[in-house]
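Participant: model the following, please.
(one chain, ligands or ions: 1)
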Amino acid sequence: MSVLQVINPRTGTADFEIPDHDAAHVAQVASRLRTAQNDWFKAGVEYRCEVFMRWGKAVEKHAADITAALRIDTGRKLMAQVETQNTVEKIRYWTEQAPRILSAVQEGESRLVPGVHYRYQLVPYPVVGVISPWNVPLILALIDTMPALLAGSAVLLKPSEITPRFATPLQASIEEVPELAAVFKIVTGGPGTGQALIDNVDLVCFTGSVATGRKVAVHAAQNFIPAFLELGGKDPAIVLPSANLENAANAILRSAAGLTGQACQSLERIYVHQSVMQPFVKLLADKASSIRINWPDISSGHMGPFIFQPQAHKVREQIEEAVALGATVHCGGEVSEHEGGYWCLPTVLTGVNHSMKLMREETFGPVLPVISFADENEAVHLANDSEFGLSAAVFAGSREEGEAVAQQIRAGAVSINDAGLTVSVHDVEKNAFCLSGMGGSRMGDAGLLRFFRKQALMHQSAPVIPLEYFDESAAT
Ligand code: NAD
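Facilitator: This next block holds a predicted model:
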C-alpha cells in the first residue's frame, strides 16, 4: 500500500506517514458500512444515543492521545485541547437533542383529499461520506459525522492528509464501542481517496476550499448524490460610529488573527466609519502589537504556525502585493521562518482597496485590512462586494441598529457586537451564501434532519376512485 508523508508545521519535516487508501479499499470499507447500517437505524434513536454516550466516555479516556496528535499536526497547544473537549461536549449536545428532533409529529389528515391520513417516515441516507480540511482537524471531521450517525446513517470519514494524526487515537476510541465501530469508519489519503469515497457513498459532506468544492459537487452530481458543501469565506466586519470601539477591536482581532487566521469564518475585511477610523486603527494596532507567536515554546504566546506551509507563501504574497500597491502596514506584516516552521503576527493594514488580492481572495492568515466608509449604504455595498457569503460581523450601539445593517449583508450568519458566533452558537440554522457553500444547514435541528429523505405513507380510508372517473362524457 502506498503511503503519504505528513509534515510537522513547527519543523517543516516529514515525521509521520499515513496509508493512501486506494479505491478498492474504500469500496470494501463502504460495503461493510452499508451492511451494518440497517440494524443501526432500526435499533432507534435512544439506542444510538446510549452508544454515543459510551463513545463520549471512550473519547475522554483517549483525550490525551487525541490532543497530542492534534498538537503536532497544528503546532498549537490550547486549541488542540479545546478540539478534544469540544468533541465530548458535542457528543453530549447531540445526544440530548436527537430524541427531541426525531420525535416531532409527522402525521395528519390531508386537507386536499379527505379520507387520506398521511405520515412521514424519515429514511436516512445509508452511507454518508465526510471529507474534512486541515485547519480545525477534529472538530471539522466530526461536525457532520455526529448528526449523521445519530440520524441512523453509517459514516465514512476521510480527514485531511495534511493533519491526519488524530485519526489513530480517535479510531482507538471508536473501537472501544463495537456498535459504533460497525457504522463509523475512517479512511486516510489524499484527493484520490476522497474521489473514491464519493463513488461509494449516498451523500457527501465536504468542508474545504471552493476549488475542491467545485470538483466534489461535479463528481457528486455525476453519481446523482447530494453534496453539502461548506467552503471558504472572506468575512467582512462593519464598525458603525455608535459602536463600543474597545469591544469591536477585541472581537475583530480575536476573530481575524485567532488560529493564525486559519478559520473559514475569520474576519478578513474590516470597514470602519470614517469618524472613528483613526482611533479604531490605533486601538487595533496597539492590541495586535501585544500578541506573540508560540515559538520557540509552544506553551507561550498566542499564534501558532501556518499548518499548511504553502499557505504562508500565499499570505506573504498578498501582503507584498498590497504594500506594492500603496498599503500601509501598522503592525506585523512579516511571515517569518523559525527552524523550518512559518509564523506571522497580526497584521493591520490601511490604504487598501478592492482591486487587491488581499481584499478579494481568501487569505487564511492573520491579516486585518481596514477601509473607512462614509455612510451605511457604502458599508453594506463594500461588505457585499465579494464572491463569498459565509459570515460577517456588525458592531453598533444597539441591537436594532446592528440588525438593520446586518440584514442587508449577503452572508449566512451575521454576528452583532461579536464575531464568529457561528462557531459556538450551533443551535441556530444558517446556510452559506454565494461561493461559500451549498446544501442544508449544518446547525440547528436541520443539522440532523438533512440526513433523511422523507417517505410519505398515505392511507386511504374512503372507497377508491374507479377508472370510470375518466369517462370523457362527464366533462362539460
Ligand atoms: P481542500 O479543498 O484543499 O481539501 C479538503 C479535503 O478535500 C481534503 O481532505 C482533501 O484531501 C480532499 N480532496 C482534495 N481533492 C479532492 C477531490 N478531487 N475529491 C474529493 N476530495 C478531495 O481544503 P483545505 O485546504 O484542507 O481547507 C481549507 C479550506 O477549507 C479553506 O478554503 C477554508 O475556508 C475552508 N473551510 C470551510 C469551512 C466552512 O465551514 N465553511 C470550515 C473550515 C474550512
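
Participant: give me the number of residues near M438?
Facilitator: By other C-beta atoms under 10 Å, 18 other residues sit near M438. C-beta here means a position set from N, CA and C on the backbone, and glycine is covered the same way.

Participant: just the one 3 residues further on next, same as before
Facilitator: Around S441 sit 18 other residues, with neighbours defined as other C-beta under 10 Å.

Participant: ok, now which ones touch it?
Facilitator: Remark: with contacts taken as C-beta atoms under 8 Å, 6 or more residues apart in numbering, S441 is in contact with 429-431, 447, 450.

Participant: go again using 6 Å as the cut-off
Facilitator: 429-431 (C-beta atoms under 6 Å, 6 or more residues apart in numbering).

Participant: tell me the pLDDT of it.
Facilitator: We have a pLDDT of 96 for S441.

Participant: repeat that for the one 4 residues further on.
Facilitator: Reported pLDDT at D445 in the predicted model: 96.

Participant: same question for Y120.
Facilitator: 89.

Participant: quick check: closest non-adjacent residue to it.
Facilitator: In space, and not counting its chain neighbours, Y120 is closest to Q106: 3.9 Å by C-beta to C-beta, 6 or more residues apart in numbering.

Participant: so can I have TSV of the contacts of S441 showing distance to the ligand and pLDDT?
Facilitator: Output for the contacts of S441, formatted as TSV (distance: C-beta to the nearest ligand atom, whole Å; pLDDT from 0 to 100):
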residue	distance to the ligand	pLDDT
E429	14	96
K430	10	96
N431	11	96
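
Participant: show me those residues that map onto helices.
Facilitator: Using DSSP state H to define helices, no part of these is located there.

Participant: quick one, what contacts whichever residue of the chain sits closest to the ligand?
Facilitator: Taking C-beta to the nearest ligand atom, the ligand has its nearest neighbour within the chain at G194, 2.3 Å off. By C-beta under 6 Å, 6+ apart, the contact set of G194 is 131, 158.

Participant: so which bits of the stretch 301-450 of the chain are right by the ligand?
Facilitator: Residues of the stretch 301-450 of the chain lying near the ligand by C-beta under 6 Å from any ligand atom: 362, 364, 390, 437.

Participant: quick one: which two of the residues you listed are the most distant?
Facilitator: By the measure C-beta to C-beta, F364 and G437 form the most distant pair in these, at 16.0 Å.

Participant: now the helices for the stretch 351-476 of the chain?
Facilitator: 357-360, 376-384, 399-406, 446-449 (DSSP state H, counting those that start in this stretch).

Participant: equivalent analysis for the stretch 151-300 of the chain, please.
Facilitator: 167-175, 178-181, 191-198, 210-222, 245-257, 277-289.

Participant: L421: which of the ones you listed is closest?
Facilitator: helix 245-257 (9.6 Å).

Participant: so the closest one versus helix 277-289, what angle?
Facilitator: Here helix 245-257 points in a direction 50 degrees away from that of helix 277-289 (axes from the mean of the first three to the mean of the last three C-alpha atoms, to 10 degrees).

Participant: so what touches helix 245-257?
Facilitator: Here helix 245-257 has contacts from 237, 239, 266-267, 280, 283-284, 287-288, 346, 366, 368, 395, 418-420, using C-beta under 6 Å, 6+ apart.
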